[in-house]
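In: Turn this into a structure:
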Amino acid sequence: APQGEYRVGIAVMHIPEEEGDDQVRRLPRGMRIPIKYANAQTSGLTATVNASATALPPFALSNK
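Out: Model (predicted):
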């Protein structure tokens, strides 16, 4: 991503368990996190991408 400040949305993904399965799928709507985090406009989460390599820290989510 280009350098800058970004709003962040969180998607819960299913990681393939079978060897050779390269498909990553979104979990059904019964997500394990509050739905507000799925939309970058409502999550309240942001991330800063720098000119150098950027490793984002984990996001602290709340069910409130």
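
In: any low-confidence regions in the chain?
Out: By pLDDT under 70, the low-scoring segments of the chain are 14-31.

In: Spatially central residue in it, please.
Out: In the chain, the residue lying closest to the centroid (Cα atoms, centre = their mean) is residue 10, at 3.1 Å.

In: Not counting its neighbours along the chain, what's nearest it?
Out: Among residues not flanking residue 10 along the chain, residue 37 sits closest, at 4.3 Å (Cβ to Cβ, 6 or more residues apart in numbering). Using the backbone N, CA and C atoms, a C-beta is placed for each residue, glycine as well.

In: quick check, that neighbour in a helix?
Out: Yes - with DSSP: H, G, I helix; E, B strand; the rest coil as the criterion, residue 37 is part of a helix.

In: quick one: it and residue 60 touch, right?
Out: No - distance between residue 37 and residue 60: 11.0 Å, which falls outside the contact criterion (Cβ atoms under 8 Å).

In: more crowded one of those two?
Out: Per other Cβ atoms under 10 Å, whichever of residue 37 and residue 60 has more neighbours is residue 37, with 21 against 6.

In: roughly how far apart are the more buried one and residue 6?
Out: 15 Å (Cβ to Cβ, to the nearest Å).

In: So residue 42 sits against residue 10, correct?
Out: No - applying Cβ under 8 Å, one finds residue 42 not in contact with residue 10, separated by 11.0 Å.

In: Show the end-to-end separation of stretch 51-62, please.
Out: Taking Cα to Cα, to the nearest Å, stretch 51-62 runs 30 Å from one end to the other.

In: contact partners of it?
Out: 3, 8, 10, 33-34, 37, 45, 47-48 (Cβ atoms under 8 Å, 6 or more residues apart in numbering).

In: Apply 6 Å and report the result again.
Out: Outside stretch 51-62, the residues that touch it by Cβ atoms under 6 Å, 6 or more residues apart in numbering are 3, 33, 37, 45, 47.

In: which residues in the chain form strands?
Out: 4-8, 13-14, 25-26, 45-49 (DSSP state E).

In: Among these, which comes closest to residue 64?
Out: strand 45-49 (14.2 Å; Cβ to Cβ).
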